[in-house]
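Colleague: Compute the structure for the input listed below.
(2 chains)
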Number of protein chains: 2
Amino acid sequence: MGERGVKLTLAYDGTDFCGWQRQKGDRSVQAELESALERMHGHEVRVAGSGRTDSGVHARGQVASFITDIDSIPVDRFVPALNSLLPQDVRILESREAPVGFNARFDARLRCYRYFMIPGGRALPSQRLYAWCLRSWPDAGKLNAMAACLKGERDFSAFCIPRDESLSRYRYVHGAAFFMEGGQLVFEISANAFLWRMVRSLVGSLVDFESKGLDAGHFRKVLESEDRSLAGKTAPAQGLFLWRVEY
Amino acid sequence: MGERGVKLTLAYDGTDFCGWQRQKGDRSVQAELESALERMHGHEVRVAGSGRTDSGVHARGQVASFITDIDSIPVDRFVPALNSLLPQDVRILESREAPVGFNARFDARLRCYRYFMIPGGRALPSQRLYAWCLRSWPDAGKLNAMAACLKGERDFSAFCIPRDESLSRYRYVHGAAFFMEGGQLVFEISANAFLWRMVRSLVGSLVDFESKGLDAGHFRKVLESEDRSLAGKTAPAQGLFLWRVEY
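Modeller: Presented below is the predicted three-dimensional model:
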């Protein structure tokens, strides 16, 4: 029986999950997906995800890979088959054949996150699980002047949590910008990879610094300090979406 | 002790409610609000709402009225006081003094609802509780040609549920139109009042007729028939928002 690699693109509502990664006794996206795959295959199937997302963090374009020995149906038919087995808060958007050696984590070239904020303290209850409600109306121009400092390769130790055990804290940021969309303030950032809590640390600090009248010069100093204690508060999980992953 | 009327504007996420109206053994918005008011006042307070919303239906601008004997704080301070007592899926947006005789239900002049749809079968899991996911891409021009037939005063018996016990099924529709906003197809309709399930019946029929190639002439015939059995399916609750009420 032939083996094929599969690349899945999936979206989820992170509200009722402990996060992407399987954890004992908790509801994770990975465990739901592996359990659906096990029912399809009749045996255990392990998946690799492009990256972990924390509890409450959502995904519009998470990517997962696995090896299948099912050769009776085309790979794109995995979409309806898996969706019929998955809970409503996880949806497979696309399924494509990939080389057997393809790994969604190690082969990812670029990850893009979006962080959604509602300025002016007026979030609707129906938005509370999908955006961060800001009391203030931050100046997008000032936020963007700070965000422009992020581009390029540098050590992001000031913007991760101490528990992050990455061998290197250098990451390459391709782009980072704030823009308005549908009444929401959106921060989009893409990088080769991210440290643990990096996006939420950055958003929390950028919004905090702007509200205190601190400028891009100050933000650059904190960035270059590599000192976590100089950063602002971490923004809450519910505004964050893993938006897309490129290979 | 003086009595004052209060007009509250509130928003809620209808997902975990049996609807606006108090029902024994079920979680309703009215009961949550009355329980918060009772804690503030030290005695029972009954509220009137501009209209009932069904389970799963949301509100951006529901209006409720009640009489208060609290004269130690300005009426606008009821906003933070009530929000600190209410669950996160109900938020008071505004509190204003009103005549003691003001009644949110009987004094309402116009109600406006919005119904949100995601065309093309691509709703994110984070949108599933707040919009109806359509498999097709309906033609907004054709939908609007049908919606234009709704304006004016007429009997809407074809678009309510048989259990509706209104004395008259005549309602005056001020406006009804479809438009695109942020990737969503939105139906907005305003009328002096609505029959039970009227908006969802209308949306379900309009989308159904468009998909079957039926035109405004057909829709007008169904409308004039006053015959429920000629209408299409009722659209699901989660796309519907009580948007605003005018007095």
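
Colleague: I'd assumed residue A:84 was in a strand, is it?
Modeller: No. The assignment for residue A:84 is helix, going by DSSP: H, G, I helix; E, B strand; the rest coil, so no strand is present there.

Colleague: for chain A, what spans make up the helices?
Modeller: A:29-41, A:78-85, A:140-147, A:198-211, A:216-225 (DSSP state H).

Colleague: how about the residues of chain A that lie near chain B?
Modeller: Applying Cβ under 8 Å from any Cβ of the partner chain, one finds that chain A approaches chain B through A:11-13, A:58, A:60, A:88-91, A:93, A:122-126, A:128-130, A:181-182, A:241. (Each C-beta comes from the backbone N, C-alpha and C, glycine too.)

Colleague: Which of those residues fall within strands?
Modeller: Secondary structure assignment by DSSP state E places A:11, A:12, A:58, A:60, A:90, A:91, A:93, A:181, A:241 of those in strands.

Colleague: Pick the one among those closest to residue A:211.
Modeller: Of all those, the one with the least separation from residue A:211 (Cβ to Cβ) is residue A:181, at 21.2 Å.

Colleague: Please name the bridge partners of the closest one.
Modeller: With DSSP bridges as the criterion, the beta-bridge partners of residue A:181 are residue A:184.

Colleague: Just give the number of residues close to it.
Modeller: In terms of burial, residue A:181 registers 12 neighbours under the definition other Cβ atoms under 10 Å in any protein chain shown.

Colleague: List buried residues within the ones in strands among the residues of chain A next to chain B.
Modeller: Burial by neighbour count, 16 or more other Cβ atoms under 10 Å in any protein chain shown: within these this picks out A:11, A:12, A:58, A:60, A:90, A:91, A:241.

Colleague: quick one: which of those is nearest residue A:76?
Modeller: Set against residue A:76, the nearest of those by Cβ to Cβ is residue A:91 (15.0 Å).

Colleague: For the closest one, which residues are in contact?
Modeller: For residue A:91, the contacting residues are A:10, A:11, A:12, A:83, B:124, B:125, taking Cβ atoms under 8 Å, 6 or more residues apart in numbering or on different chains as the criterion.

Colleague: Now with 7 Å, please.
Modeller: Under the criterion of Cβ atoms under 7 Å, 6 or more residues apart in numbering or on different chains, the neighbours of residue A:91 are A:10, A:11, A:83, B:125.

Colleague: For chain A, give me the ranges with low pLDDT.
Modeller: Within chain A, the stretches with pLDDT under 70 are A:1.

Colleague: 80 - rerun?
Modeller: By pLDDT under 80, the low-scoring segments of chain A are A:1, A:122, A:162-165.

Colleague: returning to what we had before: what's the closest of the helices of chain A to residue A:153?
Modeller: Relative to residue A:153, the nearest member of the helices of chain A by Cβ to Cβ is helix A:216-225, separated by 12.2 Å.

Colleague: Distance from the closest one to the middle of the chain?
Modeller: The chain centre lies 24 Å from the centre of helix A:216-225; the measure is Cα atoms, centre = their mean, to the nearest Å.

Colleague: Can I get it in PDB, CA atoms only?
Modeller: Taking C-alpha atoms only, helix A:216-225 is exported to PDB below (Å, rounded to 0.1, in the frame of the first residue of the first chain):
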ATOM      1  CA  ALA A 216       9.700  54.700  18.000                       C
ATOM      2  CA  GLY A 217      13.000  55.700  19.600                       C
ATOM      3  CA  HIS A 218      11.900  54.300  22.900                       C
ATOM      4  CA  PHE A 219      10.500  51.100  21.300                       C
ATOM      5  CA  ARG A 220      13.800  50.500  19.500                       C
ATOM      6  CA  LYS A 221      15.700  50.800  22.700                       C
ATOM      7  CA  VAL A 222      13.500  48.200  24.400                       C
ATOM      8  CA  LEU A 223      13.800  45.900  21.400                       C
ATOM      9  CA  GLU A 224      17.600  46.300  21.400                       C
ATOM     10  CA  SER A 225      17.900  45.800  25.200                       C
END
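
Colleague: tell me what it is packed against?
Modeller: Packed against helix A:216-225, as judged by 3 or more Cβ pairs under 7 Å, 6 or more residues apart in numbering or on different chains; DSSP states H and E, are the following elements: helix A:140-147.

Colleague: which one among the buried ones among the ones in strands among the residues of chain A next to chain B gets closest to residue A:149?
Modeller: residue A:241 (23.2 Å).

Colleague: correct me, but the closest one touches residue A:59?
Modeller: Yes. When contacts are counted by Cβ atoms under 7 Å, residue A:241 is listed as touching residue A:59 (6.4 Å).

Colleague: For residue A:113, name its beta-bridge partners.
Modeller: On DSSP bridges, the residues paired with residue A:113 through beta bridges are residue A:189, residue A:242.

Colleague: And residue A:27, how far from residue B:153?
Modeller: Between residue A:27 and residue B:153 the distance, using Cβ to Cβ, to the nearest Å, works out to 52 Å.

Colleague: Can you pick out the residue with more neighbours from the two?
Modeller: Using other Cβ under 10 Å as the criterion, residue A:27 and residue B:153 rank with residue A:27 on top: 15 against 11.

Colleague: my read: that one touches residue A:15, true?
Modeller: No. With contacts counted by Cβ under 7 Å, residue A:27 stays clear of residue A:15, the gap being 10.6 Å.

Colleague: Please enumerate the shared neighbours of those two.
Modeller: When Cβ under 7 Å, 6+ apart defines a contact, no residue borders residue A:27 and residue A:15 alike.

Colleague: Buried residues in stretch A:26-39, which are they?
Modeller: In terms of neighbour count (16+ other Cβ under 10 Å), stretch A:26-39 has its buried residues at A:28, A:29, A:30, A:31, A:32, A:33, A:34, A:36, A:37.

Colleague: Can you name the residues in contact with that stretch?
Modeller: Stretch A:26-39 is contacted from outside by A:12, A:16-22, A:44-47, A:49, A:64, A:66, A:82, A:85-87, A:90, using Cβ under 7 Å, 6+ apart.

Colleague: which among those residues end up buried?
Modeller: When those are checked for burial by 16+ other Cβ under 10 Å, the buried set is A:12, A:17-22, A:45, A:47, A:49, A:64, A:66, A:82, A:85-87, A:90.

Colleague: follow-up on the earlier one: closest one of the buried ones among the ones in strands among the residues of chain A next to chain B to residue A:113?
Modeller: Of these, the one sitting nearest to residue A:113 (Cβ to Cβ) turns out to be residue A:241, at 6.7 Å.

Colleague: got a list of what the closest one touches?
Modeller: Contact partners of residue A:241, counting by Cβ under 7 Å, 6+ apart, are A:58, A:59, A:60, A:113, A:114.

Colleague: Looking at strand pairing, list the partners for the first one.
Modeller: With DSSP bridges as the criterion, residue A:58 is bridged to residue A:241.

Colleague: Quick check: it touching residue A:13?
Modeller: Yes. Here residue A:58 reaches residue A:13: they are 5.8 Å apart, a contact under Cβ under 7 Å.

Colleague: shared neighbours, those two?
Modeller: Common contacts of residue A:58 and residue A:13 (Cβ under 7 Å, 6+ apart): residue B:126.

Colleague: Next, the contact list for residue A:17, please.
Modeller: Residues near residue A:17 by Cβ under 7 Å, 6+ apart: A:27, A:28, A:29, A:55.
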